[in-house]
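Novice: Here is a sequence with its predicted model. Questions after.
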Number of protein chains: 2
Amino acid sequence: MRFEIIAKDDKTKARTGKLMTKSGPIETPFFMPVATKTAGKHISSDDLEIMQADTIISNSFILFLRPGVEVIKNKGGIAKFMAYHGKVFTDSGGFQMYSPALYLSSEEFGVNFRNPYSGEKIFMTPEENMEIQIGLGSDVAMCLDTMPMIEESKESIKEAVRKTTLWAKRCKKHHDFVQKDIPDSNRQILFGIIQGGIHKDLREESARELLAIDFEGYSIGGLALGEPKKDEYRMIETVKSIIPENKPIYLMGIGHPLELLEAISRGIDMFDSRFPTKSARHGTLFTSSGKVTITNLQYKNDSNPLDLECDCFVCKKYGKAYLRHLLIEEEPVGMRFASYHNLFFLQKLMRDAREAIKAGTFSKLLEKYRKIYTE
Amino acid sequence: MRFEIIAKDDKTKARTGKLMTKSGPIETPFFMPVATKTAGKHISSDDLEIMQADTIISNSFILFLRPGVEVIKNKGGIAKFMAYHGKVFTDSGGFQMYSPALYLSSEEFGVNFRNPYSGEKIFMTPEENMEIQIGLGSDVAMCLDTMPMIEESKESIKEAVRKTTLWAKRCKKHHDFVQKDIPDSNRQILFGIIQGGIHKDLREESARELLAIDFEGYSIGGLALGEPKKDEYRMIETVKSIIPENKPIYLMGIGHPLELLEAISRGIDMFDSRFPTKSARHGTLFTSSGKVTITNLQYKNDSNPLDLECDCFVCKKYGKAYLRHLLIEEEPVGMRFASYHNLFFLQKLMRDAREAIKAGTFSKLLEKYRKIYTE
């Protein structure tokens, strides 16, 4: 068993635990900054270390295109390639079915992608995707899933669930086979990805089918695509009613402070999202007293720190008027400061959440965020 | 006298000295990173401090447009606004006559600019420009000059020289008047800008006329615009034949390692340029063994540091294959790493040049760079 629960909250389903990877343990719940191409957007490996972001997520399909698996494998994997101190998740490429520049079509046995650099067609099977993720040396890999659009018909989402299960079986079999001679503690972990849109019965079906394959962890994919929050929370509850408590659950694509705590209170253990850095670049900043739109006129002459309670270097050194000016001017340094702050803030929030669960005060933390953050 | 020569090279015209500003002394020769809008491109005030870049240059006209002089004045000037530890030069806006988005026309009494944000016309006089630079609180200001295009007729460059002198007189008079009650050691220094294209007689005329106005330092403007290097060096020699040795000379727009040393050997004391960061973003990196084009295929699997002799954090931590990948992918982190390294390299080169002048070994340093760098 690679996941151990250390403490549970008694008022909610929140729990804190440890996921044991080949690079060491990760404390849950945690939030992963996105480093699709082995770097955060304006965020370096140094930055990640200073903010104690001990786990990131990269994208195997994107890295397969450039620089290629061999370049990263030669260097000993993603973490070594980018001189990163922490643990690495890789996504499969299923999410790239959302990208018209990359996705061509899905067949029964794999996906047709387009290489955007060469124009050539790439037929990617679940087995090939497993080889790529193992080659990249990540600690936790994702099955190649079939990602339906949120607005698709129920019938077509049902078909995506069917294919996701089919490919999950092939992923698991091949992943086990390639690593059969590797001791358990050195093996890459594989998560299955549960699909089903916002349909309770399809989410149940997907969760049950993947549970039968027996993964070491489960991801909830196909959410955070614009659906109402109540549907998102309902889907979490649906999945949690089927996946046993001893399995870690990863909610993909979520990065809003309150949404993270709401999901944790429903038993989610890990997250990733571009939202904190993307909204930072547009001037939306998280603070201990709520959301700040730094580009607003009210900050023009305000040289106070963005968040007096924040220990990040941006809040320690720079004023709001300066941040506002840099972001209005779209200066890269401003984007870096804003991105750094938002990610630092979420890492601190996750540490606070873990501590609160241990101390029995998680509900208080959640209540505080329900007051200062609207979704 | 605000400039003191400490040591001279005996084989060349190189010298090392101190420019005494209201924020303290600056050792010459030095190179200023460009922080047009109060931030380097991908380079923060923290970065500047770590690389010991103790002087930068901002642009008064650009800052007058946004965030406005008042915002920066309220905070105590550019250095305080951007939480920068060092000294600040400001350029006048003369160079913006090169920008079709900003420049409308030049009249006898000032320049017509366009505000690119509001569309309104701005008539800027030399006096107004002085008020702006004093308001921004920089340590060294530049006169509002008239910047001719390098390819213009000799007649039109002669006219630019005439107007530059006329405006320099008005700048000096108004600058003296505004600061008349401020003790010498707290006063902003004003430099005259010598124009004249690549015409020896016009450069001489401009230098003589500005010398008669008696500035505390002189800039050489209107070079580094694509003219042959031999013309650039000839113009430096022309100016130096007229401006007395005890006056500091600033060559505007130069940032190539060898070109810096060549200019220093001809008696230049200070420099600024976008070249080191701009070329960094495109993959051209300075090293102790010459120029490296990091995007070349030869570095695809090369995980050695970019420059073993460099102490910057990029060379200490990251490999060439990683840098190459980030720059090919146009990742902001890659642009930051490359920009940081190039600026760090030039700061080190300037420290080496100052030491070499003191030690009597400057010619050796110059010879080394003539071998490893072509222009």
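Specialist: Done, it's in.

Novice: Up against chain B, what does the stretch 1-150 of chain A have?
Specialist: A:37-46, A:66-67, A:70-71, A:74-75, A:81-83 (Cβ under 8 Å from any Cβ of the partner chain). The C-beta positions use only the backbone N, C-alpha and C, and glycine is treated the same way.

Novice: Put the buried members of the residues you listed into a ChimeraX selection.
Specialist: Entered in ChimeraX, the line below selects the buried ones among the residues of the stretch 1-150 of chain A next to chain B, by 16 or more other Cβ atoms under 10 Å in any protein chain shown:
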select /A:37,38,39,40,41,42,43,44,45,46,67,71,75,81,82,83
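
Novice: So the closest residue to A:E108 other than its chain neighbours, which state does it fall into?
Specialist: Leaving aside its sequence neighbours, A:E108 sits nearest to A:K163 (Cβ to Cβ, 6 or more residues apart in numbering or on different chains; 7.4 Å). Put simply, A:K163 is helix when judged by DSSP: H, G, I helix; E, B strand; the rest coil.

Novice: measure the residue nearest to A:A101 when sequence neighbours are not counted to chain B for me?
Specialist: Nearest residue to A:A101, sequence neighbours excluded (Cβ to Cβ, 6+ apart): A:P116, at 5.3 Å. As judged by Cβ to the nearest Cβ, to the nearest Å, A:P116 and chain B stand 12 Å apart.

Novice: Now do the contacts for A:P116.
Specialist: A:65, A:101-102 (Cβ atoms under 8 Å, 6 or more residues apart in numbering or on different chains).

Novice: Can you read off the backbone torsions of it?
Specialist: Note on A:P116: backbone dihedrals following degrees, to the nearest 10 are phi -70, psi -20.

Novice: per-residue confidence for it?
Specialist: We have a pLDDT of 91 for A:P116.

Novice: okay, how far is it across stretch A:63-70, tip to tip?
Specialist: By Cα to Cα, to the nearest Å, the extent of stretch A:63-70 from end to end equals 10 Å.

Novice: Pull the distance from it to the chain's centre.
Specialist: Relative to its chain's centre, stretch A:63-70 lies at 21 Å (Cα atoms, centre = their mean, to the nearest Å).

Novice: Flag the shaky bits of chain A, pLDDT-wise.
Specialist: Along chain A, segments meeting pLDDT under 70 span A:375.

Novice: quick one, longest helix in it?
Specialist: Longest helix of chain A, by residue count under DSSP state H: helix A:332-359.

Novice: residues making contact with the one helix or strand A:V314 maps to?
Specialist: Using DSSP states H and E, A:V314 falls within helix A:313-317. Here helix A:313-317 makes contact (Cβ under 8 Å, 6+ apart) with A:50, A:305-308, A:323, A:337-338, A:340-341, A:344, B:45-46, B:83.

Novice: For it, C-alpha coordinates in PDB please.
Specialist: C-alpha atoms of helix A:313-317 as PDB (Å, rounded to 0.1, in the frame of the first residue of the first chain):
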ATOM      1  CA  PHE A 313       9.500  37.700  -1.300                       C
ATOM      2  CA  VAL A 314       7.100  39.700  -3.300                       C
ATOM      3  CA  CYS A 315       5.000  40.700  -0.200                       C
ATOM      4  CA  LYS A 316       8.200  41.200   1.800                       C
ATOM      5  CA  LYS A 317       9.800  43.600  -0.700                       C
END
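
Novice: May I see the buried residues of that helix?
Specialist: Under the neighbour-count criterion of 16+ other Cβ under 10 Å, helix A:313-317 has A:313-315 buried.

Novice: close to chain B, is the following helix or strand past it?
Specialist: Scanning forward in sequence from helix A:313-317 by DSSP H and E, the next helix or strand is helix A:320-328. Yes - contact of helix A:320-328 with chain B (Cβ under 8 Å from any Cβ) involves A:321-322, A:324-326, A:328.

Novice: Looking at these, spot the one nearest B:T28.
Specialist: Checking these against B:T28 by Cβ to Cβ gives A:Y322 as the nearest, at 29.2 Å.

Novice: where does the residue nearest to A:F275 when sequence neighbours are not counted land in three-state SS?
Specialist: Using Cβ to Cβ, 6+ apart and skipping the chain neighbours, the partner closest in space to A:F275 is A:G255 (3.7 Å). When classified by three-state DSSP, A:G255 comes out as coil.

Novice: tell me the SS of A:D47?
Specialist: Using three-state DSSP, the structure places A:D47 in helix.

Novice: Domain-wise, how is chain A divided?
Specialist: Per the record, chain A has its domains at A:3-273, A:275-360, by automatic domain parsing.

Novice: what about the first one, how long is it end to end?
Specialist: Think domain A:3-273. End-to-end for domain A:3-273, by Cα to Cα: 22 Å.

Novice: Quick one: distance of that domain to the chain centre.
Specialist: 7 Å.

Novice: likewise the shortest one?
Specialist: Between the centre of domain A:275-360 and the centre of its host chain there is 20 Å, according to Cα atoms, centre = their mean.

Novice: Please report how far the residue of the stretch 101-250 of chain A found nearest chain B lies from A:K75.
Specialist: For the stretch 101-250 of chain A, the residue closest to chain B is A:Y117, as judged by Cβ to the nearest Cβ, at 9.9 Å. As judged by Cβ to Cβ, to the nearest Å, A:Y117 and A:K75 stand 21 Å apart.

Novice: Straight-line length of stretch A:137-147, end to end?
Specialist: 24 Å.

Novice: scratch that, stretch A:77-85 is what I was asking about
Specialist: One end of stretch A:77-85 sits 12 Å from the other (Cα to Cα).

Novice: Doesn't A:A7 belong to a strand?
Specialist: Yes - using three-state DSSP, the assignment for A:A7 is a strand.

Novice: show me the contacts for the residue nearest the centre of chain A.
Specialist: Central residue of chain A (Cα atoms, centre = their mean): A:D272, 2.0 Å from the mean position. Residues in contact with A:D272, defined by Cβ under 8 Å, 6+ apart, are A:31-34, A:57, A:89, A:250, A:252-255.
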